[in-house]
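Dropping the sequence and predicted coords here.
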Amino acid sequence: MNKIEHIGIAVKDLAAAGRIYEKLLNTSVYKTEEVRGEAVKTAFLQSGPNKIELLEATSSNSVINQFIEKRGEGLHHIAFDVDDIEAEMVRLKAEGFILLSDQPKTGADNKLVCFLHPKSTNGVLIELCQEKR
Ligand code: ZN
């Protein structure tokens with residue numbers, strides 16, 4: 001596993017949250033993207049070497065909506081960059097981690113992604129992401 005690729009924050013209103021994080025980080029949202037498979041809209045901001053992903057649900061059965069209903073807005077996941085997502089999935093599964101999908105899925109920002117269940121990672125949703133090649 002490589003560096004933290006980004007930190008995901010669940011929000012109710014992407015535009016409003018974008019404005020808050022633009023002020024906080026003194027920068028602009030550089031990209032917004034809808035991920036239909038996950039029923040989310042995302043907005044990305046860069047702060048130095050770090051990236052923040054804001055996520056808003058686009059449907060009531062989106063995982064982001066379920067998360068906000070249960071826990072409110074806030075820190076949603078930490079994403080780690082990996083070179084070979086399939087190899088990491090095999091390794092982590094063998095280590096006993098619970099993967100939320102059997103195959104990598106298409107995520108935002110030209111990535112292949114896979115999530116690990118927070119039950120197996122001390123309450124933190126972990127995302128693996130690999131740049132699509
Ligand atoms: Zn993410």
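Arrived safely, thanks for sending. Numbering: from 1, shown residues only.

hmm, the helix-or-strand element of the chain with minimal mean pLDDT in reach of the ion?
For the chain, counting by mean pLDDT, DSSP states H and E, strand 105-106 ranks last in confidence among helices and strands (a mean of 92). No: with C-beta under 5 Å from the ion as the measure, strand 105-106 is seen stopping short of the ion, the closest distance being 11.3 Å. Using the backbone N, CA and C atoms, a C-beta is placed for each residue, glycine as well.

And the following helix or strand past that strand, what's buried?
Where DSSP states H and E defines the elements, the next helix or strand beyond strand 105-106 is strand 111-116. By neighbour count on 16 or more other C-beta atoms under 10 Å, the buried set for strand 111-116 is K111, L112, V113, C114, F115, L116.

Quick check: the fourth one touching I98?
No: using C-beta atoms under 8 Å, C114 is not in contact with I98; the gap is 11.2 Å.
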